[in-house]
Structure formats: structure tokens, C-alpha cells
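S.K.: Turn this into a structure:
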Amino acid sequence: MPSELGFGQEGAVIVNRRGLFVLVAGLGLASAAPASASPKASAVEVCRGPGAVVVNSATGGVYVAGDDGTLTILNERDVQVGQAGNVAVDESTGRVYVTNRGAGTVAVLEANGDPRSMVPCGPGATAPAVDAETGKLYVGSASAGCVAVVDTVASVVDAVLSSPVRGFEAMCVNPGPQVGYLTSPATNTVEVLDLASGKFTASVPVGKAPTGLAVHEASNTVYVANSGIHHLSVVDGDSRTERATILLRSEASSVAVHQASHTVYTNGGPDGIVKIDGATGAITGELSLGINPGQVAVHQRTGTVYVTDPVHDLLHVITDF
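M.R.: Below is the predicted model:
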């Protein structure tokens, strides 16, 4: 990675991994937001081939997993975790969980990246989600079609829940009603898991090849990124039906929700991300980053949006969007 100043995409200056470049609003950015709220983008070099990104909104810690087996803790350190897949964080303890699909394990790290344990979760472990209120980590399998339930205090698997379908890509939890949602690209569905009983209770048809998803907890609305079609599915978690679809300009693979404002962010824009008013379903902004972005995450306290760039080994940091 370069340590000297240089010019990157759209004339922006990129410095080394621990530095940031500021991309002034209006320089190669397209946004439907009003001028008074023009977005500002900056970026930092991270691990090679960054894919997953997660934010601990309680501490501000940002964790990025790369295809070189590195977990970057933004502005702090890099940690070797083996084959890195998806990442989840427990905001109550600060612990970070990194899945390894090939090995069928989850690496458990302290907030500062120090290793704590390695938990065998079965073949294809790939879709982690934390329920901080109950101290449980749920890990969906991409191959076996089951979900491992991990006691986060003891770092052991308490149970393995069988599902009616095979192959999950992502999972999210709504802690209030104690419900989990998992995407199944093989069946083009979102599977609904009752966390209290450990039973799968519904299968909701959505778009083609659903991958990422996120839930707005207060309304129990689930947003599903369909990687095989140009729309975002909106699922009513109470009625367990696809309530609407939101047309995008490209396929999306990741989605994040800012809970307080019910704002939805997805990577279904033309070489960038899209902002959606969750209450109305209207697209309210588009931001070009000059690349086909990877995963999206949002800081719940500040509203800062984080987007991985697997091509250039960068993490984009976006404010006022």
C-alpha cells in the first residue's frame, strides 16, 4: 500500500492507511440531498479486498474484514483472523465475531482485537447476528441450512437449529419481538426464526438472490438487498409478507438502517450508494463513489455511513448524507 501522497479516484488525495483524504462535497459526487446537507466523503486504506464492515455505535469502533484474512480496526491496528467472512459486534461487551466459512468457525475477539476464543459452529458458518439483550450469537450456515446458537459468555454452542431451507447469506435480529431474519439466495426467501422457541415460523418470498438485510426495529420492517434484480424488498415483519419493492439503478448486496431516523442505505446505486426514506420508501439521495461498493454500515449515534471498496482496498467514510 502506498505511503506517499498520490492521486486516486476523481482527483482525491489518498494518504496511507492511518490517514484520511477528504473529498469535498460536489467533487464528483451526485446527491439528491439539499445543498445545506451536502455529503462529505473521506477514505482510508484498510486490509486487502475489504468486504464486510461493522460499527460498534456505543464505542465508535469500526471493523473491516479483508479477503487476506485480516481484520482492520479502523485507525488502530490490523489483526490476522484466518479466512475472514462476515463480522458482527456485541455493543454491550465490545466483542467482535468473525466467521470463517471454510473452517466452519467463528473467531471471538476483544474490542481491541486481542483474541479471546475460536468457536466451531459447523460447516459453512457465514451469517452472524448478535442479540446483546440475551447474550446470544446466532450463526447461519451457507451450506448446511442450520443456525448455531452461541453462548457469548462461555463461547460455546448451546444449540443447532434446523431450518427448512439450505444456505444462508446474512442474518439480522430484532431484539424486541425476539425474531431473527435470514436471507436464502437458493430459495429467494427471507426465513423467519422465533428466537425464543428456536423454531422457523415463516418463509417470505422476496427478489432474486437476496443477500444482505437489515431491520428497522421500531416498525419491524426488514429491508432486503436482492443481488440478482434491481430492487430492494421491503418486508413487513409482523404480517411476514413483502409489502413493497423499491426500484434501484443496479443490484444491491448490502443494506443498513439508521434506527432513529428510519433512513435506509444500500449499495444499489450507479457506482455508489442510495439513501431511502424508510417511512415513505422514497429515494432521497444518490452518492457516486466511482466504484461498485461492497458492504454498507451506519453509526447509530452520528449517522456516519461506512462503505467498503474491495477493488482499491479502501473504506469510504461518509457524513451528512
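S.K.: C-alpha from now on. contacts and neighbour counts both.
M.R.: OK.
S.K.: Count the residues that sit near S197.
M.R.: 10 (other CA atoms under 10 Å).
S.K.: show me the residues around the nearest residue to T221 once chain neighbours are set aside that make contact.
M.R.: Excluding the flanking residues, the one nearest T221 by CA to CA, 6 or more residues apart in numbering is D236, at 5.1 Å. By CA atoms under 8 Å, 6 or more residues apart in numbering, the contact set of D236 is N220, T221, V222, E242, R243.
S.K.: Going through those residues, which ones are buried?
M.R.: Neighbour counting by 16 or more other CA atoms under 10 Å classes N220, T221, V222, E242 among these as buried.
S.K.: so the second one makes contact with G237?
M.R.: It stands for T221. Yes - counting by CA atoms under 8 Å, T221 does reach G237; the two are 5.5 Å apart.
S.K.: so how far is stretch 59-68 from its chain's centroid?
M.R.: 11 Å (CA atoms, centre = their mean, to the nearest Å).
S.K.: Now do the buried residues in it.
M.R.: G61, V62, Y63, V64, A65, G66, D67.
S.K.: Those residues: which two are farthest apart?
M.R.: The most widely separated members of the buried residues of stretch 59-68 are G61 and D67, with 20.2 Å between them, by CA to CA.
S.K.: Now the nearest residue to H262 once chain neighbours are set aside: phi and psi?
M.R.: Nearest non-adjacent residue to H262, counting by CA to CA, 6+ apart: G278, 5.2 Å away. Dihedral angles phi and psi of G278 (degrees, to the nearest 10) take the values phi -70, psi -30.
S.K.: Could you do L161 as well?
M.R.: Main-chain dihedrals, L161, degrees, to the nearest 10: phi -100, psi 130.
S.K.: give me the beta-bridge partners of it?
M.R.: With DSSP bridges as the criterion, L161 is bridged to V147.
S.K.: just to revisit the earlier point, which among the contacts of D236 gets closest to K208?
M.R.: When the contacts of D236 are ranked by distance to K208 (CA to CA), E242 comes first, at 13.0 Å.
S.K.: Adjacent strands (with direction) for the helix or strand where that closest one lies?
M.R.: Assigning secondary structure by DSSP states H and E places E242 in strand 241-247. Paired strands of strand 241-247, with direction, are strand 231-236 (antiparallel) (DSSP bridges).
S.K.: Distance from the partner strand to the middle of the chain?
M.R.: 16 Å.
S.K.: and what of stretch 66-86?
M.R.: Using CA atoms, centre = their mean, the offset of stretch 66-86 from its chain centre is 15 Å.
S.K.: Pull out the buried positions in it.
M.R.: By neighbour count with 16+ other CA under 10 Å, stretch 66-86 contains the buried residues 66-67, 69-75, 78-79, 81-86.
S.K.: start to end distance for it?
M.R.: 10 Å (CA to CA, to the nearest Å).
S.K.: do stretch 67-82 as well
M.R.: This stretch, stretch 67-82, spans 9 Å end to end (CA to CA).
S.K.: Same check on stretch 303-313?
M.R.: 23 Å.
S.K.: what do you get for stretch 147-166?
M.R.: Span of stretch 147-166 from end to end, CA to CA: 11 Å.
S.K.: So which residues lie in contact with it, not counting its own?
M.R.: Applying CA under 8 Å, 6+ apart, the contact partners of stretch 147-166 are 117-122, 135-146, 184, 186-187, 198-200.
S.K.: same thing with stretch 312-321?
M.R.: When contacts are defined by CA under 8 Å, 6+ apart, stretch 312-321 is touched by residues 33, 37-50, 275, 285, 303-309.
S.K.: among those residues, which ones are buried?
M.R.: Among the contacts of stretch 312-321, the ones that count as buried by 16+ other CA under 10 Å are 33, 38-50, 275, 285, 303-309.
S.K.: Which of the residues you listed fall in strands?
M.R.: Members of the buried ones among the contacts of stretch 312-321 lying in strands (criterion: DSSP state E): 40-45, 50, 275, 285, 305-309.
S.K.: Could you work out the most separated pair of the residues you listed?
M.R.: Farthest pair in these (CA to CA) is E45 and G285. Separation: 25.5 Å.
S.K.: Surely L247 and H230 touch.
M.R.: Yes - between L247 and H230 there is a contact under CA under 8 Å: 6.0 Å.
S.K.: okay, these two: which has more neighbours?
M.R.: Counted by other CA under 10 Å, L247 and H230 do not tie: H230 has more neighbours, with 20 against 16.
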